[in-house]
Structure formats: structure tokens, C-alpha cells
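> Sequence first, then the predicted structure, then my questions.
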Amino acid sequence: MSKKVALHNLGCKVNAYEVEAMQQLLEQAGYEIVPFQEGADVYLINTCTVTNIADRKSRQMLHKAKKMNPDAIVVATGCYAQTDTEKLKEDTSVDLILGNNQKNQIVQALEEFEKEHERAARVIEINKTKEYEELSIDHTAEHVRAYIKVQDGCNQFCTYCIIPYARGRVRSRKITEILEEVRKLAAGGYKEVVLTGIHLSSYGVDFKEEDKKEDLLSLIRAVHEIEGIKRIRLGSLEPRIITEEFMEGISALPKVCPHFHLSLQSGCNKTLRDMNRRYSAEEYAEKCELIRKYYQTPALTTDVIVGFPQETEEDFRESYEFVRNIHFYETHIFKYSRRQGTKAAAMAGQLTEAEKAKRSEKMLELHDLRAQEYEENMIGRELEILIEEETEIGGKVFYLSHSREYVKVAVEKQEGIGINDLLTVKIADFAREHILLGKPTENSPCILR
């Protein structure tokens, strides 16, 4: 009888990709994948360490797994397993620890544990490795969109961030390996891929000079050539990658979606310096203008941290006004979370939770206003959508989709339209908050066929 494995992921899209890759390795080895509940023989938790809260959630999930089945093998993988190995070695809920760059060893690690029945840790010095850990998927939990990990590690060392210590230095995946994976996914019917990594903008910087120099633009161009892929989306980008050459290059590729997540963190130059972000607010604004030079109505989204150590009311106002003037579609707001082991955690001038909450609330109000404005601007326009799932709105069945700008669009269910269809719709109104109502145009594929 095959062993039952339950998997649980914490954290980012890269973590989600890696857990799917581990699941497929386990399936190929004959393990049965089951829901994360009582009855599994193995519980695998892919941990996160981006904040102290993420650490706590990781520990809680490991303890929960052991309580569900005390006889099960509990495996901790990922970033928290990498950074707090010694603490996990003392945790009796954990049987097996796999750090980063060890996830492709999951099957062998479980086989060894079955033989020895001794708690073990496979954790390397991640900051010393130059090897990219090859993992791949041929299907994903999402039926129409696949996230593809193309890069690992980060060389930036922002003062608030632990990730360079958890993920190591920049390591890029070979284009040949990426293209092979994308072709498999395209053959499986996936029409949209999202290129993602820990620091995507650094893709290729670690390739040796004697090798053919590849960068993110050359990777996007190569993926664009793959038949069956209709859309290419990019994960979070750093401002420095937005150059005339880069924008001219991607704007010539019709499969690239006009949806850009450009990481900001603060619109105040003093705070940016304290964060070690390596650009000014003025430089960031220029990059946004450059994107808008090449795309008519791009969806610009970003991340902002409020309540960073020593951020005064004046600093916050400067950041707020900057965000207000850029007109982002979406702004993801994070209250600064003190992460032990980072420079920012040791800084003087830590703010109270009440101060952070107040600033967060104000930024969230701005986010809601700008999101509404962007979506209202889409009414009357024709957008291409990719249908993802069914949903019910006001007692009627609709298909839920995303436009190329990543705006949610609902289309009433009708004959000739199905999941994974690309079609052109005219936006009529709001179906409900943050979901637009689209009606197929006469030249939509579903009408023509």
C-alpha cells in the first residue's frame, strides 16, 4: 500500500511552485497525495521566514501535523527550516529538516528516514552555493495559469529583509531548462505563464562571461516563441530593470501582459536610504513614466511598507503623496514587522503597532480609491480575458477571468464559452466590487466557432 503524503505551503509564489514540484516528485515515486488532515503518513510543510509571524505560523503548522498523527513523519522544508535549523532540531514535532537547495532530495530523504528511523537534517550553507536547484512541474493546481520559477537568491540585502540569508546569492536557471518546462505546460493546455523568482530582475547576472550572456529580456523573448503560450506575465520587478532597451524589447512582444509589479516600499528618500533600496523616489517615478510611454493603460502595482523604524509623520506624508501621485492600480500595504537577524530590527526609533496601524489604514483607503478609479476607466473598453473558473453572482452563474492587465472580469455562462478560453469582451459595468462585467464581442473566438 502506498504511503499517504499531505503537503502545506506557507509564503510566496516561489514556495508554492516548489511545493508543487515536490508533490510531483513524490507522485512519481508512488506516494499518494492526500488533503492536509488526519490520516496522512507523511506531512510536509514548506515553511516561510519573511517575518517573525511567518516563523510562528511555520512552527504552528509543524506542531499541528504531529498532533494529527503522532506516528507520521513530519518534514520541515524551506526558508524557516534553512534559517532556524538548530531550533527545529530541538523540536520533537519535526522528524526531517530539508533546507533550501535540498527540496529535490525529498524522495531520497524519506527513503533514508524509513531505513534509519532517526531524525535528520539536510541543510547546506546556502550563502556558499552557486548551484541552482533544478525543480520542474508539468501541471499545477491552477488550470489555466502556471508559475515558473526561473531564479533563486538575492544579492540586495535590504535592511528589513532576511531572505538573502534564507535563499543565498543569486542563482539563475538555464534557459534550456525553462523552455523545456514551458513547452510541457503548453502541451498540457496552459496558455499563460508567470515568470517568477526571489529577485527576478537579477536573472542572468550570475552566468559566466564565457557563456552566452542571457538576461531577463532574452528569456522573455525565448518563452514568447513557444507555440501554445498566449500570455506571459512577469513577477515582481526592481525599478533598475526598467530601461528604454527593456521596455522597447518587451513592448514588441504581444504575448507580454501590460501588468507590472514594480516594488517601491517607500516614496520617501530618507526611508529608502534606511532600507538600502538603491534608488530614489524620483528615479522610481521616471521608471513608471517609461512604462506608460510604451503601454497606454498598464496596470502598475506595488508594495509599500509603513512604519519603518524612524519613519516620522513627515516621512510618511511624503511617501503617501508619492504613492497618490503615481496612480497605482493596486498597492499592497505592509506594516513594518521587526525581523530578528536584520539590520532594521536593531535600529533605534521602532514605531508602536498603533502608529503603524493608523498609517496602514490611510494607505489602504488610497489603494481602494485608486483601484476603483482604474477599474472604472475600463468600462466601455474591449479587453482580452482568460476564463479560469465558475462563480455565482446575484443568483446567476458566471465565468470568472482576468484581463491582460490582471483586472477581474465576470462573463455570464453561456454555450460556446468554457474554462481556459481566451475571448474579447466589452466591459459593461461592475458585476460586484473589484469584478467587472464583460460581454463577448462579435469577433470573440467563442462567437466565431
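Great, that's in hand. Numbers count the residues shown, from 1 in each chain.

> can we go C-alpha only for contacts and neighbour counts from here?
Will do.

> and Tyr17, how far is that from Gln23?
The spacing between Tyr17 and Gln23, counted by C-alpha to C-alpha, to the nearest Å, is 10 Å.

> Where do the helices of the chain begin and end?
With DSSP state H applied, the chain shows helices at 13-28, 52-68, 79-83, 85-89, 106-116, 163-167, 175-187, 216-224, 244-251, 269-275, 281-294, 313-326, 353-378, 445-448, listed in chain order.

> Which stretch among the ones you listed is buried most, on average?
Greatest average neighbour count among the helices of the chain goes to helix 79-83 (a mean of 28), per mean count of other C-alpha atoms under 10 Å.

> and that helix, how far out from the chain's middle?
Here the centre of helix 79-83 is set off from its chain's centre by 18 Å, with C-alpha atoms, centre = their mean, to the nearest Å.

> list the helices and strands it packs on?
Contacts of helix 79-83 with other secondary structure elements, assessed using 3 or more C-alpha pairs under 8 Å, 6 or more residues apart in numbering; DSSP states H and E, are made with strand 42-47, strand 96-98, helix 163-167.

> got the buried residues for the first one?
So the one you mean is strand 42-47. Taking 16 or more other C-alpha atoms under 10 Å as the basis for neighbour counts, the residues of strand 42-47 that come out buried are 42-47.

> nearest to Leu96, of those residues?
Distances from Leu96 to the buried residues of strand 42-47, taken as C-alpha to C-alpha, are shortest for Leu44 (9.2 Å).

> And the helices of the chain: which comes nearest Val306?
With C-alpha to C-alpha as the yardstick, what comes closest out of the helices of the chain is helix 353-378 (6.2 Å).

> relative to helix 313-326, how tilted is that closest one?
Between the axis of helix 353-378 and that of helix 313-326 there is an angle of 10 degrees, by axes from the mean of the first three to the mean of the last three C-alpha atoms, to 10 degrees.

> Could you tell me which other helices and strands helix 353-378 packs against?
Contacts of helix 353-378 with other secondary structure elements, assessed using 3+ C-alpha pairs under 8 Å, 6+ apart, are made with strand 299-306, helix 313-326, strand 330-335.

> can you state the direction angle for that helix and strand 330-335?
For the pair helix 353-378 and strand 330-335, the angle between their directions (the same axes, to 10 degrees) equals 180 degrees.

> Distance from helix 353-378 to the middle of the chain?
Here helix 353-378 is found 21 Å from its chain centre; the criterion is C-alpha atoms, centre = their mean.

> Give the rounded mean pLDDT of that helix.
Mean per-residue pLDDT for helix 353-378: 98.

> And stretch 321-336, by the same measure?
Here the mean pLDDT over stretch 321-336 is 98, rounded to a whole number.

> would you put the C-alpha positions of that stretch in PDB?
In PDB, the C-alpha atoms belonging to stretch 321-336 read as follows (Å, rounded to 0.1, in the frame of the first residue of the first chain):
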ATOM      1  CA  GLU A 321       1.800  61.800  -1.500                       C
ATOM      2  CA  PHE A 322       4.300  60.000  -3.800                       C
ATOM      3  CA  VAL A 323       2.000  56.900  -3.900                       C
ATOM      4  CA  ARG A 324      -1.000  59.100  -4.500                       C
ATOM      5  CA  ASN A 325       0.600  60.900  -7.500                       C
ATOM      6  CA  ILE A 326       1.800  57.700  -9.200                       C
ATOM      7  CA  HIS A 327      -1.700  56.300  -9.600                       C
ATOM      8  CA  PHE A 328      -1.100  52.600  -9.000                       C
ATOM      9  CA  TYR A 329      -3.800  50.100  -9.800                       C
ATOM     10  CA  GLU A 330      -3.100  48.200  -6.600                       C
ATOM     11  CA  THR A 331      -0.900  48.900  -3.600                       C
ATOM     12  CA  HIS A 332       0.000  46.100  -1.300                       C
ATOM     13  CA  ILE A 333       0.400  47.600   2.200                       C
ATOM     14  CA  PHE A 334       2.600  46.000   4.800                       C
ATOM     15  CA  LYS A 335       3.100  47.300   8.400                       C
ATOM     16  CA  TYR A 336       6.800  47.000   9.200                       C
END
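
> Now tabulate the helices and strands packed on helix 79-83 in TSV and tack on distance to Lys270.
As requested, those are exported to TSV (distance: least, C-alpha to C-alpha, whole Å):
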stretch	distance to Lys270
strand 42-47	33
strand 96-98	39
helix 163-167	23
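
> With that, I have no additional questions.
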